[in-house]
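Undergrad: Next one to model:
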Amino acid sequence: MSLDIPVIKTDRLILRDPRETDFPVVAEFAASERTEFIGGPQDRFSAWQGLLGQLGHWALRGYGLWMIEDRETGKAVGRTGVIRHDGWPEPELGWTIFSGQEGHGFAKEAAEAARLYAAREWGFERLISQIHPDNGRSISLALRLGAVQEEETTLFGEPCLIFRHPDPREAEDAA
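TA: This is a model prediction of the structure:
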């Protein structure tokens, strides 16, 4: 089976399909303490299942998480995109930057590109982001992206803040 995962290019990044060659960096990240808000740390097999699930989401829903590749180095530096797991209230714009790649603005650049693509191509106009209240870095990014906290709830038994993103096409129209 071949998946038709679109490619998005920004000034510094390529959002592309997940590949088996990405697995070493995915497994390293999954084993780190930085995954505490997304179900980790995880062992190598669970990280493998996660990579397969990333591809499976594309196959089942027609959208999902892209790998974020640094155009300069060719390295996978994170993931971003739109996901909706079973039990989630609606599609979510999510992002993860792998260890050692923080502080370069990759997450914001990639999330903006993914959000705009999702609005234009899939009709996801005002996505949510579900963020653990202790995840200050993700909350900060959601706010920089123009999202507004809409609700406090729980997700799989954990506290969760729901942030609502603006329709990115409105900013595009104003420019």
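
Undergrad: The helix or strand hosting Gly56 packs against which elements?
TA: Under the criterion of DSSP states H and E, Gly56 resides in helix 44-61. Judged by 3 or more C-beta pairs under 8 Å, 6 or more residues apart in numbering; DSSP states H and E, the packing partners of helix 44-61 are helix 23-30. Backbone N, C-alpha and C define where each C-beta goes, glycine included.

Undergrad: Describe which strands the very next helix or strand once past the helix holding Gly56 pairs with in its sheet and in which direction.
TA: Helices and strands here follow DSSP H and E; after helix 44-61, the next one along the chain is strand 65-70. Next to strand 65-70 in the sheet, as set by DSSP bridges, lie strand 13-16 (antiparallel), strand 76-83 (antiparallel).

Undergrad: ok so, going back, show me what the helix holding Gly56 is in contact with.
TA: The contact list for helix 44-61, computed with C-beta atoms under 8 Å, 6 or more residues apart in numbering, reads 1, 3, 5, 17-18, 20, 22-23, 26-27, 29-31, 42, 63-65, 79, 83-84.

Undergrad: mind putting the strands paired with strand 65-70 in a markdown table, mean neighbour count included?
TA: Output for the strands paired with strand 65-70, formatted as a markdown table (neighbours: other C-beta atoms under 10 Å):
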| stretch | mean neighbour count |
| --- | --- |
| strand 13-16 | 21 |
| strand 76-83 | 24 |
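
Undergrad: Brilliant, that's me finished.
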